[in-house]
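>>> sequence first, predicted coordinates after that:
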Amino acid sequence: MPTSTTTVDAVLFDWDGTLMDTKETILRTYREASTEIYGHAYPTDPAQIEELVQLRAKEAFLLVAQGDAERAAEVAVRFGEAYARNQASATPFDGIADALRELVALGVQVGVATSKARSRFEADAERAGIRDLLAVAITGDDVTAAKPDPEPVARAIDELGLSPANCFYVGDGPNDVLAARAAGAVTVGVAWGFHPDECREAGPQLFVRDPAELVDAVRRARSA
C-alpha cells in the first residue's frame with residue numbers, strides 16, 4: 001500500500017483494458033485482418049490471445065506475419081482498415097469517465113501511457129469524450145521500448161514535471177506493474193480489464209475493484 005504520507009499529484013493510466021474496454025474490438029480486428037491476408041483467423045487460442053494483446057502494434061503485426069516484415073506491413077494496413085470499421089465498439093469501462101472527472105476536480109493531473117498507436121488512441125479518446133481530461137498522453141509511437149520497460153511511464157511523468165513517487169500508474173496487467181515499479185511510480189492494479197489475476201500476482205502496491213475505489217484512495221492520500 002502507498003504510505004499515508006504519499007502526495008498524489010498525477011494518476012496515469014494504461015489504455016486498453018484499463019480505461020477502455022477494447023479486447024473484443026482488438027481481437028475482431030486482428031481476426032478480420034489475418035483472414036483477409038491468410039484465409040484464416042488469428043488469434044484463436046487463449047495463449048495466442050494473451051500474447052497478442054500485450055504487444056505494441058508493430059510487434060504484434062510482426063507476430064501475426066510470422067516474422068515476415070513485408071507481410072507485417074500488409075497486416076498493419078489491413079488492421080488499420082478493420083479497426084476503423086470496428087472502433088465504435090470500444091468504450092470506456094463503467095465508471096471511468098466519472099472517475100477521471102473526479103480526479104481532475106481534486107486537482108490531480110490525469111494522463112495515459114499506452115502501447116497503442118497514436119492514431120487509434122486519439123480516435124478512441126475523442127469518441128469516448130475523455131481526451132480533453134488528459135494532461136499527457138504517451139503512445140507506442142512516442143517511445144523506443146514498450147512496457148514492461150519503464151520508458152512510457154517515465155516519459156509521461158517527465159512531461160508533467162513531477163516526481164515519480166507522487167504519481168500513481170494504473171494498469172490491468174503485470175507489464176503495467178513492472179513498468180510503473182521500474183519508473184518509481186506508485187503501482188496500482190485493477191480488478192477489471194484483460195489480466196486481473198496476473199496483475200494482482202505481480203504485486204501492485206494498491207489493487208482496486210472499481211474506478212470509484214481508485215478515486216477514494218487518491219482522495220484519502222491527498223487529505224492525509
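Alright, I've got the coordinates.
>>> quick one: the strands in this structure?
Taking DSSP state E to define them, one finds strands in the chain at 10-13, 20-21, 91-92, 109-113, 134-138, 167-171, 186-190, 206-208.
>>> out of the ones you listed, which is closest to E159?
Taking C-beta to C-beta as the measure, these were each checked against E159, and strand 134-138 came out nearest at 4.8 Å. To be clear about C-beta, it is placed using only N, CA and C from the backbone, and glycine gets the same treatment.
>>> just checking, what packs against the lowest-mean-pLDDT helix or strand in the chain?
Ranked by mean pLDDT, DSSP states H and E, the weakest helix or strand in the chain is helix 46-53, scoring a mean of 90. In terms of contacts (3 or more C-beta pairs under 8 Å, 6 or more residues apart in numbering; DSSP states H and E), helix 46-53 is packed against helix 23-38, helix 57-64.
>>> circling back to that earlier point, for the strands of the chain, give me CSV that also has mean pLDDT, distance to E59 and mean neighbour count.
Listed next are these as CSV, based on pLDDT from 0 to 100; distance: least, C-beta to C-beta, whole Å; neighbours: other C-beta atoms under 10 Å:
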stretch, mean pLDDT, distance to E59, mean neighbour count
strand 10-13, 98, 21, 27
strand 20-21, 98, 20, 22
strand 91-92, 96, 26, 18
strand 109-113, 98, 17, 24
strand 134-138, 98, 17, 19
strand 167-171, 98, 18, 29
strand 186-190, 98, 23, 27
strand 206-208, 98, 28, 19
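>>> tabulate those strands (JSON lines), appending distance to Q54.
Putting the strands of the chain into JSON lines (distance: least, C-beta to C-beta, whole Å) gives the following:
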{"stretch": "strand 10-13", "distance to Q54": "16"}
{"stretch": "strand 20-21", "distance to Q54": "15"}
{"stretch": "strand 91-92", "distance to Q54": "20"}
{"stretch": "strand 109-113", "distance to Q54": "15"}
{"stretch": "strand 134-138", "distance to Q54": "17"}
{"stretch": "strand 167-171", "distance to Q54": "11"}
{"stretch": "strand 186-190", "distance to Q54": "15"}
{"stretch": "strand 206-208", "distance to Q54": "19"}
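>>> among those strands, which is nearest A47?
Per C-beta to C-beta, nearest to A47 of the strands of the chain: strand 167-171, 21.0 Å.
>>> just checking, what packs against that closest one?
Strand 167-171 makes packing contacts with strand 10-13, helix 151-160, helix 174-183, strand 186-190, helix 211-223 when contacts are defined by 3+ C-beta pairs under 8 Å, 6+ apart.
>>> swap in 6 Å and give it another go.
In this structure, strand 167-171 packs against strand 10-13, strand 186-190, with contacts taken as 3 or more C-beta pairs under 6 Å, 6 or more residues apart in numbering; DSSP states H and E.
>>> I'd like to know which of those is closest to I49.
Proximity to I49 (C-beta to C-beta) singles out strand 186-190 among those, at 19.0 Å.
>>> kindly report the domain assignment for this structure.
Residue ranges of the domains in the chain are recorded as 10-21+91-223, 23-89, according to automatic domain parsing.
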